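Novice: predicted model follows, preceded by the sequence.
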Amino acid sequence: MTQKTVAGVNLEVTDDGYLVDSSQWTEKIAKEIAKEENIELNDKHFEVIKFIRENADSGLTIRKVGKSGVVDIKGFYDLFPGGPLKMSTKIAGIQKPSSCV
Amino acid sequence: MKKILILGAGTGGTIMANKLRKALDREEWDITIVDKHKTHYYQPGFLFIPFGIYNKQDVIKPKADFIPAGVNIIYSDIDKIVPDNNKVLLEGGKALNYDFLIVATGTRVDPAETPGLKDELWQKEIFDFYTVEGAVALREFFETWQGGRLVMNIAELPFKCPVAPLEFVFLADEYFTKAGIRDKVDITYVTPLPGAFTKPKSTKMLGELLNEKNITVIPDFYLERVDNKEKKIKSYDGQEVPFDVLAIVPVNKGDDMIERSGMGDDLNFIPTDKHTLRSEKYENIFVLGDASNIPTSKAGSVVHFAADVLFDNIQCAIKGRELRAKFDGHANCYIETGFGKGSLIDFNYETEPLPGTYPLPGIGPFGLLQNTKMNHYGKVIFRWIYWHILLKGKELPIENEMTMAGKKR
Ligand SMILES: Cc1cc2nc3c(=O)[nH]c(=O)nc-3n(C[C@H](O)[C@H](O)[C@H](O)COP(=O)(O)OP(=O)(O)OC[C@H]3O[C@@H](n4cnc5c(N)ncnc54)[C@H](O)[C@@H]3O)c2cc1C
């Protein structure tokens, strides 16, 4: 765990940069974390982030987001290139999803 | 008469039928188990079929041999569960009522979920070894193959026996070395995980082993479709991997029956309390094994440990008491690494696989995250243990709760 100041707020984050307390999250914080990942957030991003925050406790997967009706899997990759689930959850201020196999 | 109904006579259902029949009064409790197949498959044995180590006869036995006297067995397709009426409908409309229901219908592979997978090359140059048919077809292909690009891909998470595809490439390395054509076979392991496995220590150990054996790993590859013309697998973010033969773990899903019952998540797995193993929604429904969504491996060893917990909790439930036993997610998986050696991982919800030794009174110790001959024997004797001890619900000298004894952080 480390302390980090994002958008003027002092936050506790995990070693790989995920918010420890998801209730501290604001859209401003999201924009700044996204910037570090070289993503400029638009309305579509925020629609997806809203879905992700609302379903944070349900075992999120890329497939689930793809079936959300908000975005399809390809679109999800376009919005958050590389690792869409890892990146979007970080920006949405929720826990890193653990891929359990 | 009160009724316990078990759906699925695979690993979990069979264990529960044996345990419960022994414990419950026959005058008081009727136990019925339903499965669509008369044959019990030893699924861990499928892995060895493509390499000619086992054949089909080694992995099948009649289900009836393992169901104890005093348990009714019905061979029928299950149409759906009607949880609000405590009722299960079979194909053809027959209804079964229950006081308590145990769902143990497992998971199956669904190649139709991936565009292009079940197409012209299916079972010709594209194979799964999660079904006995696929494993046998792959064996025939390998027997005369001249070499080329062998790609092992996992289509989606979660999938049962998460170490099986790793074992597959290790055994392929041995098989083609012994066939004298390893220099003509390029083996690539393509996974949606960020590395060879999930957790840091085991990923490192297994990653190094793959490297040593000259097996390439392509991580973070999420399969979109298979191109039969170009013979390539393609990911959602535009990566492409060419193959001459593709071994694949198709998307794993719970049975469609769960979907028809409206009880599953987006992959038909049933939301289940990970400690008590009770359905999150229904008081008198329990879920055992691969059919549940609990966050641990879908593996026979997990089913075995979980069965102890479920047994205790059913006893509590039928007496109207609070559920007392808590499952810790314990998994214990032998990993065949080729050339007569094996590795072993032992972990639970909280503790990642760690190196060290695994005590097993009378047989062990086995080496955890080590590559040893002893671990290979562990896997070999597992088949005997499975048929003779595990399915019959007899005690093994292993606690269902994971122990830290022998493990090193
Ligand atoms: C290649 C491979 C290798 C493996 N290796 C290992 C290993 O080394 N170690 C290990 O611990 N585990 C291993 N496993 C995993 C292990 O076999 C499973 O996790 C275990 O069998 C799951 O038990 P279960 O009772 O949940 O489901 P299953 O044993 O799969 O049983 C489910 C049963 O439900 C029945 N059923 C489903 N739907 C219906 C329906 N609608 N109507 C009627 N019947 C239905 C099916 O016919 C089946 O008999 C391996 C699996 C595979 C495929």
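Specialist: Perfect, thanks for sending it.
Novice: can you pull the contacts of the nearest residue to residue B:10 once chain neighbours are set aside?
Specialist: The spatially closest residue to residue B:10, leaving aside those adjacent along the chain, is residue B:106, at 5.1 Å (CB to CB, 6 or more residues apart in numbering or on different chains). Where C-beta positions appear, they are placed from N, C-alpha and C, glycine not excepted. Counting by CB atoms under 8 Å, 6 or more residues apart in numbering or on different chains, residue B:106 touches B:8, B:10-12, B:160, B:254-255, B:289-291.
Novice: and if you look at residue A:35?
Specialist: Residue A:35 neighbours (CB under 8 Å, 6+ apart): none.
Novice: if we can go back for a sec, what's the pLDDT at the residue nearest to residue B:10?
Specialist: The confidence metric pLDDT takes the value 98 at residue B:106.
Novice: separation between it and residue B:37?
Specialist: Counting by CB to CB, to the nearest Å, the separation of residue B:106 from residue B:37 is 11 Å.
Novice: okay, and residue A:45 sits in which element?
Specialist: Following DSSP states H and E, one finds residue A:45 within helix A:43-54.
Novice: just residue B:101 next, same as before
Specialist: strand B:100-103.
Novice: check the offset of that strand from the chain's centre.
Specialist: From the chain centre to the centre of strand B:100-103 is a distance of 20 Å (CA atoms, centre = their mean, to the nearest Å).
Novice: is any part of whatever helix or strand comes next after it close to the ligand?
Specialist: Downstream of strand B:100-103, the first helix or strand assigned by DSSP H and E is strand B:107-109. No: Strand B:107-109 is not in contact with the ligand by CB under 6 Å from any ligand atom; minimum separation 6.8 Å.
Novice: ok, stretch B:337-355 next?
Specialist: No: judged by CB under 6 Å from any ligand atom, stretch B:337-355 and the ligand are separated, with a smallest distance of 10.2 Å.
Novice: that stretch close to chain A?
Specialist: No: judged by CB under 8 Å from any CB of the partner chain, stretch B:337-355 stays clear of chain A, getting no closer than 8.9 Å.
Novice: how far is that stretch from where the chain is centred?
Specialist: Worked out by CA atoms, centre = their mean, stretch B:337-355 lies 16 Å from the chain centre.
Novice: quick check: mean pLDDT of that stretch?
Specialist: Mean predicted confidence for stretch B:337-355 is 95.
Novice: output it in PDB with nothing but the alpha carbons.
Specialist: Output in PDB follows, covering the C-alpha atoms of stretch B:337-355 (Å, rounded to 0.1, in the frame of the first residue of the first chain):
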ATOM      1  CA  THR B 337       5.700 -32.000 -16.300                       C
ATOM      2  CA  GLY B 338       6.900 -34.800 -18.600                       C
ATOM      3  CA  PHE B 339       9.700 -37.300 -18.600                       C
ATOM      4  CA  GLY B 340       8.300 -39.100 -15.500                       C
ATOM      5  CA  LYS B 341       8.200 -36.000 -13.300                       C
ATOM      6  CA  GLY B 342       5.600 -33.800 -11.800                       C
ATOM      7  CA  SER B 343       4.900 -30.800  -9.700                       C
ATOM      8  CA  LEU B 344       2.300 -30.100  -7.000                       C
ATOM      9  CA  ILE B 345       0.400 -27.000  -6.000                       C
ATOM     10  CA  ASP B 346      -1.700 -26.700  -2.800                       C
ATOM     11  CA  PHE B 347      -3.700 -23.500  -2.100                       C
ATOM     12  CA  ASN B 348      -7.000 -22.000  -0.900                       C
ATOM     13  CA  TYR B 349      -9.000 -18.800  -1.100                       C
ATOM     14  CA  GLU B 350      -6.400 -16.900   0.900                       C
ATOM     15  CA  THR B 351      -3.100 -18.600   0.300                       C
ATOM     16  CA  GLU B 352      -1.400 -18.800  -3.100                       C
ATOM     17  CA  PRO B 353       0.500 -21.900  -4.100                       C
ATOM     18  CA  LEU B 354       3.700 -21.900  -2.100                       C
ATOM     19  CA  PRO B 355       6.900 -23.900  -2.400                       C
END
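Novice: from residue B:72, how far off is the closest residue to the ligand within the stretch 101-250 of chain B?
Specialist: Residue nearest to the ligand within the stretch 101-250 of chain B: residue B:106 (2.7 Å; CB to the nearest ligand atom). Distance of residue B:106 to residue B:72, computed by CB to CB: 20 Å.
Novice: and for residue A:67?
Specialist: Residue A:67 is 39 Å from residue B:72, by CB to CB.
Novice: what residues of stretch B:57-77 count as buried?
Specialist: For stretch B:57-77, a neighbour-count test (16 or more other CB atoms under 10 Å in any protein chain shown) marks B:59, B:63, B:66-68, B:71, B:73 as buried.
Novice: check what pLDDT residue 97 gets.
Specialist: Went with chain A since none was named. pLDDT at residue A:97 comes out at 81.
Novice: switch to chain B, that's the one I care about
Specialist: You'll see residue B:97 listed with a pLDDT of 98.
Novice: excluding chain neighbours, what is closest to it?
Specialist: residue B:87 (5.5 Å).
Novice: isn't the one you found up against residue B:95?
Specialist: Yes: Residue B:87 lies in contact with residue B:95 (CB atoms under 8 Å); the separation is 5.4 Å.
Novice: these two - which one has more neighbours?
Specialist: residue B:87 (15 against 11; other CB atoms under 10 Å in any protein chain shown).
Novice: before we move on, the earlier item: list phi and psi for the residue of the stretch 101-250 of chain B closest to the ligand.
Specialist: In terms of degrees, to the nearest 10, the main-chain angles of residue B:106 are phi 70, psi -160.
Novice: circling back to that earlier point, and the gap between the residue nearest to residue B:10 and residue B:212?
Specialist: Note on residue B:106: its distance to residue B:212, by CB to CB, is 34 Å.
Novice: with residue B:55 instead?
Specialist: 30 Å.
Novice: next: residue B:331.
Specialist: From residue B:331 to residue B:212 the distance is 25 Å (CB to CB).
Novice: of these two, which one has the most company?
Specialist: More crowded of residue B:331 and residue B:212, by other CB under 10 Å: residue B:331, with 24 against 11.
Novice: how many neighbours does residue B:12 have?
Specialist: By other CB under 10 Å, neighbour count at residue B:12 equals 29.
Novice: surely it and residue B:104 touch.
Specialist: Yes: judged on CB under 8 Å, residue B:12 makes contact with residue B:104 at a distance of 3.8 Å.
Novice: now do the shared contacts for those two.
Specialist: Joint contacts of residue B:12 and residue B:104 (CB under 8 Å, 6+ apart) are B:288-289, B:303.
Novice: now, among the residues you listed, which is nearest to the ligand?
Specialist: Using CB to the nearest ligand atom, residue B:289 is the member of those that lies nearest the ligand, at 2.3 Å.
Novice: just read off the phi/psi values of that closest one.
Specialist: phi 90, psi -150.
Novice: so residue B:320: helix, strand or coil?
Specialist: Taking DSSP: H, G, I helix; E, B strand; the rest coil as the rule, one finds residue B:320 in the coil state.
Novice: what is the neighbour count of the residue in the stretch 1-150 of chain B positioned nearest to chain A?
Specialist: Taking CB to the nearest CB, chain A has its nearest neighbour within the stretch 1-150 of chain B at residue B:113, 9.3 Å off. Residue B:113 has 17 neighbouring residues, counting by other CB under 10 Å.
Novice: residue of chain B nearest the ligand, please.
Specialist: residue B:10 (1.7 Å).
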